[in-house]
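Q: what's the 3D shape of this:
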Amino acid sequence: MGDMANNSVAYSGVKNSVKESNHGDFGISLAELRALMELRSTDAVHKIQECYGDVYAICTRLKTSPNEGLSGNPADIERREAVFGKNFIPPKKPKTFLQLVWEALQDVTLIILEIAAIISLGLSFYQPPGGNEAACGAVAVGEEEEEGETGWIEGAAILLSVVCVVLVTAFNDWSKEKQFRGLQSRIEQEQKFTVIRGGQVIQIPVADIIVGDIAQVKYGDLLPADGVLIQGNDLKIDESSLTGESDQVKKTLDKDPMLLSGTHVMEGSGRMVVTAVGVNSQTGIIFTLLGAGGDDEEKEKEKKDKKSKKQDGAVENRNKAKAQDGAAMEMQPLKSEDGGDEKDKKRANMPKKEKSVLQGKLTKLAVQIGKAGLLMSAVTVIILILYFVINTFWIQKRPWLAECTPIYIQYFVKFFIIGVTVLVVAVPEGLPLAVTISLAYSVKKMMKDNNLVRHLDACETMGNATAICSDKTGTLTMNRMTVVQAFVSEKHYKKIPEPDAIPEKTLAHLVTGISVNCAYTSKILPPEKEGGLPRHVGNKTECALLGLLLDLKRDYQDVRNEIPEEALYKVYTFNSVRKSMSTVLKNSDGSFRIFSKGASEIVLKKCFKILSANGETKAFRPRDRDDIIKTVIEPMASEGLRTICLAFRDFPAGEPEPEWDNENDIVTGLTCIAVVGIEDPVRPEVPDAIKKCQRAGITVRMVTGDNINTARAIASKCGILNPGEDFICLEGKDFNRRIRNEKGEIEQERIDKIWPKLRVLARSSPTDKHTLVKGIIDSTVSEQRQVVAVTGDGTNDGPALKKADVGFAMGIAGTDVAKEASDIILTDDNFTSIVKAVMWGRNVYDSISKFLQFQLTVNVVAVIVAFTGACITQDSPLKAVQMLWVNLIMDTLASLALATEPPTESLLLRKPYGRNKPLISRTMMKNILGHAVYQLVVVFTLLFAGEKIFDIDSGRNAPLHAPPSEHYTIVFNTFVMMQLFNEINARKIHGERNVFEGIFNNAIFCIIVLGTFIVQLISTIPTSRLKFLKEAGHGTQKEEIPEEEFSEDVEEIDHAERELRRGQILWFRGLNRIQTQIRVVNAFRSSLYEGLQKPESRSSIHNFMTHPDFRIEDSEPHIPLIDDTDAEDDAPTKRNSTPPPSPNKNNNAVDSGIHLTTDMNKSATSSSPGSPLHSLETSL
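A: Sure thing, here's the model as predicted:
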C-alpha cells in the first residue's frame, strides 16, 4: 500500500508524460481494457488467462489491491481519470434555440416564400427615373400610385408569416427538449455505490468511481461501471437491459467473470475490479452509438490516442472477437480508440431520421405549387409585355426612342411586379403555419394522453404507421412474475382463490413454506411512484410466490421476523441440476421440517403424499401423479405458465438426526402442498388496444428475448395470434438462418419472404430486432411502403428505436438509453397510449388535408382571377394588399381553426395512408375544383357584369391612379365571404355529406369564423357611412364647384398632404375664420384685396383644384362663410376651407375618406409677405 501511495505522488508531477504515453505507465491500456470488456463468458476467461494470467494480475497492472482497494490519493485519482476517463456519460448537447431556428428555416415552402418576399420587397422600393411620357405612348397600367407606396407591405407581411412559423416551430422543439431534459434529471442524480478505498468500505457518488476501484456488489444494485469479478457468492445478474435475454446470468471466476454497467444484480454478492467507466463502459458505448457523447469527447480521444502498434493489434483481436459475438455486432462503429474510425463515429452522430412522411409529401406539394405559380407568373408577365409591345410599337406605330427607354423599363418593372403578385398569391403562406399549429396543438393534448412527444413530426408519422414492433416484457406484459393459477387442496383454481377457500392447515404450510424457503433477499417493496406497482427485489419467481401470499391476505414478513435467516438449520440452494430449493427448520421439540420448492415435474416425482381437500395428508400414487400432470400441469404449460410445486416433509423428534449432506435421501418422500402456475401477465388493457390497431390496419408484431412457447402463449392472449390464422412464429436463430445467404450477408429479398407473415420473433437479440425493423422499412413488396413504430424499454432496444420511423420508450420502466433513442415517451408505460398516439397522428394528417383543401381553393381562384384580370384589364382586380388580407389573416386563422379539430374514434376505422398515397385525394381534388369553378363563375360575373347588376360605376379600366371603386369592393367582399363559408366545407375531406357535424365541439373554429366575418364587414363598410366616426371633423361643408379642366402639367400632390389628420382640420378651419375676418377688416383699409386677384395666383389655385386626380363632384350643400358675398373673389379662402372631395362617390375600405389638403405654406402664399395678415399668420 505504502509504495503505491508514493508511486502516485511521483506521478502527479509528470502530468504531461501521461498524455504522451498511451496508458500512463499502467501495465494495461484503455484500448486493451475495452477490447477485453467486449468479450463474454468463456472467451473472456481464455483471453484473461492468455494475456494476463488471472484477475489478480489485472489488479496488479492497474496498480490496485484486490483487498485494500485504491489509496484514495487525490493525485492518483486525477491521473487515473486523465488516462481512463471519468465515470460520466456526457448528455447529448441540447440544440440551441438558434440551431432550431436554422433547422426550421430549411423547409422548402418557407424558402419559396422567402424568395418571393425578397423579390417583392426589392421591387417595391425600385423607383425608376421618369421621362417624357407623352412621346413614349401612354399605356394604362393599373398599378396604382397607392399600391406603389404600400407595395412593401406584401413582402414584409410574407416575411412576417415566415418569421412566425419559424419561431413557433423552434420554440416548440425547444420546450419539448427542455421537458425531456427535466424528465431525465428527475431520474435520481444522487446515486451512491460501495467501494473499498484504503482498506475501508465507503460509499461514493457513482460519478467518482474510477478504473482500478474495487467495488462491492450485492443484490438490487445497478452496476455503475464495467468490471471483472474478483470473488463472488452465488452472483446472478439480470443482463436483459443490455442483451434482452430475460434469464439471469450466473457470474463465476471460471465461467463468466465479466460484469457490465447498466445491468442489475439479482442474487448474491461479490467484489469486482472496475475496468471501464463512462463512455468506455458498455452502456457508454451504446450511448455513443446513439450520438450522445458529443464531439469534444472525440477530440479528447484523438489527443489521447496517438496510435501505437500495440493498439492496432488489440483492435484486430477485438474485431475477431466481435465476429464471434452476435450481440456486439451492433457496436461495430465504436472503435474510436483508433483514430481511423473517427469518421464512423461522426456518422453515428449524424441525425439518422429521414424526413417524416407528411414532411416529405408537403415538400413535394410545395415544390409543385411553386412551379405552377412560377409558370403562371411567367405567362402573366409575357402576355403583359407582348400586349404592351404590340400595342405601342405596332398598333400605334411609335418608334423606340432612346429617351423613352427608362419609361419602357418602368412599365416592364410594373409588369414584373404584377407577375410576382401572381406568384405570391399562388404560394400557400398558411401551409407551414397550419402544420406547425396542428402539431403543436396535438403535442400539447397528447401530453394529457400520456405521450411525451420529443420530436414534433413523430406525432403525424404515427398516423401513417402500418406496423408496430412491440417488446413483450414490460410493454405488453407487466414485467412482474405473478401466480395466476393454483392447484391446492385437490382443486384447480384458474384464479387465485379467496383465503377462506383453503383449509387452515394447508394455508399455514403454504405461508411458512414460501416465507422461509425463498431467499430472504427476495422481497416485495412498496412502489417508488404514486400509483405504481409494488417493486419486486431479488428472484422474480420467488417474488411471484411472495406475491401469492399477499394476495391471500397473509404477510411473509411476520414469519421471517419469527424465523430470522440465522435460525434456518440448513439451506439447499437452487441449482440448475436439482432444479429445486429446500430449507430445513429445527422445531423446538427437536423435530425437523424441510420445505421444498422447484420445477413441478421433478418435485412431484418425490412426493408420496398430498394434502387433501380438508387439509389432511393422504397417499399420492404414481397414477394420481399422472392425473395431475395431464389435468393440471400440461394445461398450465400450454398457456405459457411456469409451474412450480411446493412440498414439505417432517422428521420426527425421536429418530436419529438424518445425514444432511446426503441430499437425495432427505429431499424425498415429500407431501405436496400445492402446484402453482406463474407467468408475466398481460396488461389488462392490451388485448383491446391491439384489436383497435388491427381494425385500423396496423399490424402488431411481438419481438422478445423470451422462449418461443411463452411468447406464443402471450401473443395468443394479446390477440396478436388468433386461432385459424397462418402466421408464423420464429426464433432468432431460425430468423437469422432464413434471411442470410451462404456468405452470411443479410438479403432484402429473403426478409421480404418472411416479414409479411411473421407475428412473433422469440429469443431475439437486439441485432435481430434492428434487422427486422430495417427490413420492413426498406421493403418494397407491398403496394405501399411500410411505416414502422417500435416500442421498447431496455438498453438493448436503443438501435431499433433509433431506426424506426417512430420510437416509443417506456417512461417508468425504460432505461435512459431507450429514452434517448426514442421519439415519444409513454409516461404511463401503457400500450393503449400508442393507440391514442395513432389517433392524434391521423388527426394531424387530416387537419392538414382539411387546411390544404381550403387553402388551395383560395389559391386556385385567386391566381386565375389575378391572371385573367391582369391579361384582360392590365390590372389585377384583387389588389396585392387585399390578397394579403385573404392569404395571411384568413389563411392563418383558418389554419388555426381547422388544425384544432379534436380527434374522433372514427379515425381508427380506416386504413393508414402509408408513404406513397398522395396528400390530396380524389375527393379533395373534386371539392377543390368544384368550389373553384363556382367561385370563379361568381367572381367573373361580378367583375364583368357587376356594374349593370348593381347599377354602379364600373371599376374596370380605371385610369392610372384611380382610387378604389365600389364595384371592386363588391368583388372583393364576395370573394372573401365565399372563402369564409368554404372554411366550413373544408371541415370534411372524406366526402361526408354533413359538413356541420360536430362543429360546436370546436370552440376555436366557431370563434374564428365569426371573428373573421365581423372584421371583414367592418373593414369594407365605406367610411362615409360611418358618420359617428367623423362627427368631430365636421365644421363647414362644401358646395359643388364646376369642373374646370386645365391642360398644363401639374405636379402631383403628395399623399401626406392629402391625408392630414382630423385634429388639424379644426385648427385650419379656425385659422381660416380669423384670416377671413382680418381680410374683411383689411379690405377697407388697404388694397390687399386687389393684390389677391392677380391672375397667376388664381390660376395656380385652380390648377390645384382641377388636377385630374381631384375632379370634384361632391354634392353637399354649402354654408356660406362670413364674407361669402363675393364668392368669385373668395377662391383662395374657399381653397383653404374645402377639403378636396373624393373623386368618386364610391368611397371604399381602402380609401380613408379624409382628404384635407391644406398646408401652412399654401395658405401663406395667398397673402403677400408684407401684409399684416402675413405677420399674423407667422405669429400664429
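Q: what's the burial count for residue 974?
A: 17 (other C-beta atoms under 10 Å). Quick note: C-beta positions are derived from backbone N, CA and C, even for glycine.
Q: can you tell me which residues contact it?
A: 938-939, 942 (C-beta atoms under 8 Å, 6 or more residues apart in numbering).
Q: can you tell me the SS state at residue 228?
A: strand (DSSP: H, G, I helix; E, B strand; the rest coil).
Q: that one against residue 253, yeah?
A: No. Residue 228 lies out of contact with residue 253 (C-beta atoms under 8 Å); the separation is 9.2 Å.
Q: of those two, which one has the most company?
A: Using other C-beta under 10 Å as the criterion, residue 228 and residue 253 rank with residue 228 on top: 23 against 16.
Q: buried stuff in stretch 666-677?
A: When neighbours are counted by 16 or more other C-beta atoms under 10 Å, the buried residues of stretch 666-677 are found to be 666-667, 670-677.
Q: what's the helix or strand harbouring residue 268 packed up against?
A: Element membership of residue 268 [criterion: DSSP states H and E] is strand 264-276. Applying 3 or more C-beta pairs under 8 Å, 6 or more residues apart in numbering; DSSP states H and E, we find strand 264-276 packed against helix 30-37, helix 55-61, strand 214-218, strand 226-238.
Q: so what strands line up beside the shortest one?
A: Which is strand 214-218. strand 192-197 (antiparallel), strand 264-276 (antiparallel) (DSSP bridges).
Q: then the next helix or strand after the last one to CSV, C-alphas only?
A: It stands for strand 264-276. The C-terminal neighbour of strand 264-276 among helices and strands, as given by DSSP H and E, is helix 282-289. These are the backbone C-alpha positions of helix 282-289, laid out as CSV (Å, rounded to 0.1, in the frame of the first residue of the first chain):
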residue,chain,number,x,y,z
GLN,A,282,-20.8,-1.0,-22.3
THR,A,283,-23.7,1.4,-21.6
GLY,A,284,-21.5,4.4,-22.5
ILE,A,285,-20.7,2.7,-25.8
ILE,A,286,-24.3,2.3,-26.7
PHE,A,287,-24.9,5.9,-25.7
THR,A,288,-22.1,7.0,-28.0
LEU,A,289,-23.6,4.8,-30.7
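Q: distance from the chain centre to helix 282-289, please.
A: 24 Å (C-alpha atoms, centre = their mean, to the nearest Å).
Q: could you say what helices and strands that helix packs with?
A: Secondary elements touching helix 282-289 (3+ C-beta pairs under 8 Å, 6+ apart): helix 240-243, helix 342-349, helix 798-803, helix 816-821.
Q: elements contacting the next helix or strand after the second one?
A: Beyond helix 342-349 in the direction of the C-terminus, DSSP H and E gives the next helix or strand as helix 357-389. Secondary structure elements in contact with helix 357-389, counted by 3+ C-beta pairs under 8 Å, 6+ apart, are helix 108-124, helix 405-426, helix 430-448, helix 456-463, helix 831-873.
Q: so which of these gets nearest residue 38?
A: Closest to residue 38 of the helices and strands packed on helix 357-389, according to C-beta to C-beta: helix 456-463, at 32.6 Å.
Q: gap between the strand holding residue 268 and the chain center?
A: The answer for strand 264-276 is 39 Å, by C-alpha atoms, centre = their mean.
Q: quick check: angle from it to helix 282-289?
A: Counting by axes from the mean of the first three to the mean of the last three C-alpha atoms, to 10 degrees, strand 264-276 points 70 degrees away from the direction of helix 282-289.
Q: return the alpha-carbon coordinates of stretch 895-910 using CSV.
A: C-alpha atoms of stretch 895-910 as CSV (Å, rounded to 0.1, in the frame of the first residue of the first chain):
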residue,chain,number,x,y,z
SER,A,895,-55.2,27.1,-40.2
LEU,A,896,-55.8,27.7,-36.5
ALA,A,897,-59.5,26.8,-36.9
LEU,A,898,-59.0,23.7,-39.0
ALA,A,899,-55.9,22.5,-37.2
THR,A,900,-57.5,22.3,-33.8
GLU,A,901,-60.3,19.9,-34.7
PRO,A,902,-60.4,17.3,-31.9
PRO,A,903,-59.9,13.6,-33.0
THR,A,904,-62.7,11.1,-33.1
GLU,A,905,-62.7,7.3,-32.7
SER,A,906,-63.8,7.1,-36.3
LEU,A,907,-60.2,7.9,-37.3
LEU,A,908,-59.3,4.4,-36.2
LEU,A,909,-61.7,2.8,-38.6
ARG,A,910,-59.8,3.5,-41.8
